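1. Take this sequence and fold it.
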Amino acid sequence: MALLASQDGKQTNIGLKMDTRGSGILLHITSLPSGFGIGDLGPGAYRFADFLAETKQRYWQILPLNPTDPEHGCSPYHSMSAFAFNRLLISPEMLVEDGWISQEDLDTAPDFSTKRVDYAMVSSFKSTLLNKACERFERSTVQSDYEEFCSLHSYWLDDFALFTSLKTRSGGRPWSDWPRDVRDRNADAIERMRKELQRTIERERFIQYLFFRQWTALKRYCHLKGIKFIGDMPIYVVYDSADVWVHPELFNLDEEKRPITVAGVPPDYFSETGQLWGNPVYRWEVHEETGFDWWLQRLQHNLELFDFVRVDHFRGFMGYWEVPAGEEDAVKGSWVEAPGEEFLGKVKKILPDAAIIAEDLGVITPDVTEIMDRFGFPGMKLLIFAFEDDLPTHPYAPHNVIRNCIVYTGTHDNNTIRGWFENEAPPEVKERFFRYIGREVPAEEIAMAFVRLAMMTVADTVIFPIQDVLSLGEEARMNRPATRGGNWQWRLDVKLLDSEASRILREMTELYGRG
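-> Take a look at the predicted model:
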């Protein structure tokens with residue numbers, strides 16, 4: 001089990017609370033401005049931290065930092081590892097600053113779009129830079145903090161580096177198609193592969209170190225500015241991942257290690273046929289037998305990275321929708337109980353003050369609400385859904401929210417507020433909203449009206465996607481659930497941070513006691 005210590009030896013973020021009024025911004029790292037096709041941990045991130053401090057925001061919420069895969073549309077929620085970091089987010093400028101590449105290396109950058117991420121182009125360019133950094137690393141003296149990083153993170157790092165090396169060696173084939181002795185992790189075969197792929201493995205470990213070093217520096221800078229990070233942890237992992245390859249016994253696989261059932265959600269607001277995620281579901285009885293060790297390691301890891309951890313699809317700890325493998329949609333699934341009470345009881349015992357946020361959107365059963373109340377985990381309230389015909393009693397309505405929750409205008413899975421208003425909101429919903437605030441507002445002002453409503457609530461914490469703070473339309477939407485292609489590509493125009501919206505945001509933050 002990994003120790004609860006940060007890279008610099010200080011205590012991790014366990015124990016922080018959201019019990020004072022504050023507000024923050026949701027913006028994923030990929031959306032930050034940069035000159036290299038994708039947001040990263042370099043100057044653009046520090047400039048955004050300055051913006052948060054200038055507007056008196058307390059929180060910066062991001063999406064998962066795990067590696068992404070074109071096969072899954074580069075979604076941060078579908079990764080080959082529940083522990084590893086996304087190499088595409090490593091800053092080239094910081095590599096120059098640390099002496100791993102030269103300034104001339106950056107001059108070879110292609111003409112990247114500043115509006116959308118071209119993942120293939122970014123991956124090609126970043127791979128070239130990281131290969132050069134690895135070559136310099138191989139010629140250098142090993143640094144003590146690198147050795148410390150590898151030691152502290154060996155419980156996932158060594159297997160991940162071997163996994164990615166084997167993926168490259170096999171031409172990208174899934175681990176289930178590897179030679180049987182490697183697929184089944186025969187001890188002799190694994191030892192042989194570690195020796196044969198030693199150089200590649202070491203490079204993978206070094207790349208993970210580069211990310212961690214840059215992330216730690218950014219996090220330290222944000223803390224000095226009074227800004228806390230809200231991270232995001234998907235509940236499931238991808239089948240073709242280091243986690244499933246290393247721990248197949250923890251997942252519902254057959255004798256050939258193929259999924260028997262996979263995860264999703266039933267038909268809902270987003271899709272009439274549900275969402276078929278395709279992730280293997282857990283064998284929770286095995287997790288119980290092992291004392292939930294894998295889950296506890298995963299939580300500890302995330303609590304080291306972030307100040308607060310939002311657990312995506314939290315209800316899956318109490319019950320989950322499983323679909324027979326091979327189905328084309330999620331309609332023919334069924335609900336299965338999970339030992340959430342036992343698991344969260346263990347979390348409470350081992351990590352008594354773990355700063356967890358429960359993503360409790362969608363159909364939530366009483367047992368989920370009860371367990372959240374018992375452990376004090378704040379849930380989420382989305383104003384974009386509040387103005388239906390049951391507005392007076394709707395739990396997301398501003399007058400009904402409670403202190404221990406996080407109010408959002410919307411999330412990365414929703415349209416922007418302006419895009420929703422212009423393209424999706426029915427006339428009766430618009431009219432109901434206007435009656436609620438006592439006046440009509442034009443489309444260009446609708447998002448800030450939502451921001452103001454959120455600020456006014458009694459909720460201790462309110463979070464806004466940056467798109468809503470800047471009143472951006474549907475073109476700035478981040479993700480469309482249950483669709484493939486075209487998602488996770490939006491990028492922020494840095495000039496917009498100097499707009500009138502910034503002044504208004506700071507003014508509201510101060511006015512409503514959140515600064």
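2. could you say which helix or strand contains Phe160?
-> Counting by DSSP states H and E, the element that carries Phe160 is helix 154-169.
3. Going by neighbour count, which residues in that helix are buried?
-> 156-167 (16 or more other CB atoms under 10 Å). The C-beta positions use only the backbone N, C-alpha and C, and glycine is treated the same way.
4. Likewise for stretch 441-449?
-> 446-449.
5. Restricted to strands, list the residues you listed.
-> Using DSSP state E, no member of these sits in strands.
6. Nearest to Leu106 among those?
-> Ala447 (36.0 Å; CB to CB).
7. Mean pLDDT per element in the chain, and the minimum belongs to which helix or strand?
-> strand 275-280 (a mean of 92; mean pLDDT, DSSP states H and E).
8. Glu138 - how many residues pack around it?
-> 12 (other CB atoms under 10 Å).
9. Next one: it, what pLDDT does it get?
-> With respect to pLDDT, Glu138 scores 93.
10. Quickly note the distance from it to Phe125.
-> Plainly put, Glu138 is 21 Å away from Phe125 if you go by CB to CB, to the nearest Å.
11. for Asp329, same thing?
-> 37 Å.
12. More neighbours: which of the two?
-> Legend: neighbour count by other CB under 10 Å for Asp329 and Phe125, higher for Phe125 (21 against 16).
13. The more buried one looks like it's in a strand, true?
-> No: under DSSP: H, G, I helix; E, B strand; the rest coil, Phe125 falls outside any strand and is assigned helix.
14. related to what we said a few turns ago, columns pLDDT and distance to Leu361 on top of the buried residues of stretch 441-449, output as JSON lines?
-> Below are the buried residues of stretch 441-449 laid out as JSON lines (pLDDT from 0 to 100; distance: CB to CB, whole Å):
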{"residue": "Ile446", "pLDDT": "98", "distance to Leu361": "22"}
{"residue": "Ala447", "pLDDT": "98", "distance to Leu361": "20"}
{"residue": "Met448", "pLDDT": "97", "distance to Leu361": "23"}
{"residue": "Ala449", "pLDDT": "98", "distance to Leu361": "22"}
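15. Distance to Ser151 for those - can I get that in a markdown table?
-> Rendered in a markdown table, the data for the buried residues of stretch 441-449 read as follows (distance: CB to CB, whole Å):
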| residue | distance to Ser151 |
| --- | --- |
| Ile446 | 52 |
| Ala447 | 47 |
| Met448 | 49 |
| Ala449 | 52 |
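16. so what's the residue nearest the centre of the chain up against?
-> Closest to where the C-alpha atoms of the chain average out (CA atoms, centre = their mean) is Pro64, at 2.1 Å. By CB atoms under 8 Å, 6 or more residues apart in numbering, the contact list for Pro64 reads 76-77, 79, 231-234.
17. ok, back up a step: could you pull up the mean pLDDT of the helix or strand following the least confident helix or strand of the chain?
-> Following strand 275-280 in sequence order, the next helix or strand is helix 284-289 (DSSP H and E). Confidence over helix 284-289 (mean pLDDT, whole number) is 98.
18. same question, stretch 454-468
-> 98.
19. Would you mark the buried spots in it?
-> Neighbour-count burial for stretch 454-468 [16+ other CB under 10 Å]: 454-455, 457, 459-468.
20. same deal with stretch 351-365?
-> 351, 354-361, 364.
21. Stretch 464-483 now?
-> Those would be 464-473, 476-479, 482, for stretch 464-483 by 16+ other CB under 10 Å.
22. what do you get for stretch 105-125?
-> 105-106, 109, 112, 117, 119, 121-123, 125.
23. Show me the contact partners of it.
-> Against stretch 105-125 from outside (CB under 8 Å, 6+ apart): 30, 33, 35-38, 68, 70, 74, 88, 92-93, 96, 128-129, 132, 488-491, 493.
24. Buried ones among these?
-> Here, 16+ other CB under 10 Å leaves 30, 33, 36-38, 68, 74, 88, 92-93, 96, 129, 488-491 buried among these.
25. buried ones in the top helix by length along the chain?
-> In the chain, assigned by DSSP state H, the helix with the most residues is helix 198-224. Of the residues in helix 198-224, 200-219, 222 count as buried by neighbour count, 16+ other CB under 10 Å.
26. burial of Thr509, as a residue count?
-> Using other CB under 10 Å, Thr509 has 22 other residues around it.
27. For it, which residues are in contact?
-> Listed by CB under 8 Å, 6+ apart, the contact partners of Thr509 are 23, 55-57, 455, 515.
28. how about TSV for these, with distance to Asp390 and secondary structure added?
-> Listed next are these as TSV, based on distance: CB to CB, whole Å; DSSP: H, G, I helix; E, B strand; the rest coil:
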residue	distance to Asp390	secondary structure
Ser23	27	strand
Thr55	34	coil
Lys56	35	coil
Gln57	32	coil
Met455	24	helix
Gly515	34	coil
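29. In the stretch 51-200 of the chain, mark out all the strands, start to finish.
-> Counting by DSSP state E, counting those that start in this stretch, the stretch 51-200 of the chain has these strands, from start to end: 59-61.
30. Just the helices from it, written as ranges.
-> Using DSSP state H, counting those that start in this stretch, the helices of the stretch 51-200 of the chain run over 92-97, 103-106, 119-139, 144-152, 154-169, 180-183, 187-196, 198-224.
31. now swap in the stretch 401-515 of the chain and tell me
-> Using DSSP H, counting those that start in this stretch, helices in the stretch 401-515 of the chain cover 417-423, 427-437, 443-456, 466-469, 500-511.
32. just checking, what packs against the first one?
-> If I follow you right, that is helix 417-423. helix 443-456 (3 or more CB pairs under 8 Å, 6 or more residues apart in numbering; DSSP states H and E).
33. just the fourth one next, same as before
-> In terms of contacts (3+ CB pairs under 8 Å, 6+ apart), helix 466-469 is packed against strand 22-26, helix 443-456.
34. Which among these is found nearest to Val407?
-> Smallest distance to Val407 across the helices and strands packed on helix 466-469 (CB to CB): 4.7 Å, for helix 443-456.
35. Any idea how far that closest one is from the middle of the chain?
-> 25 Å (CA atoms, centre = their mean, to the nearest Å).
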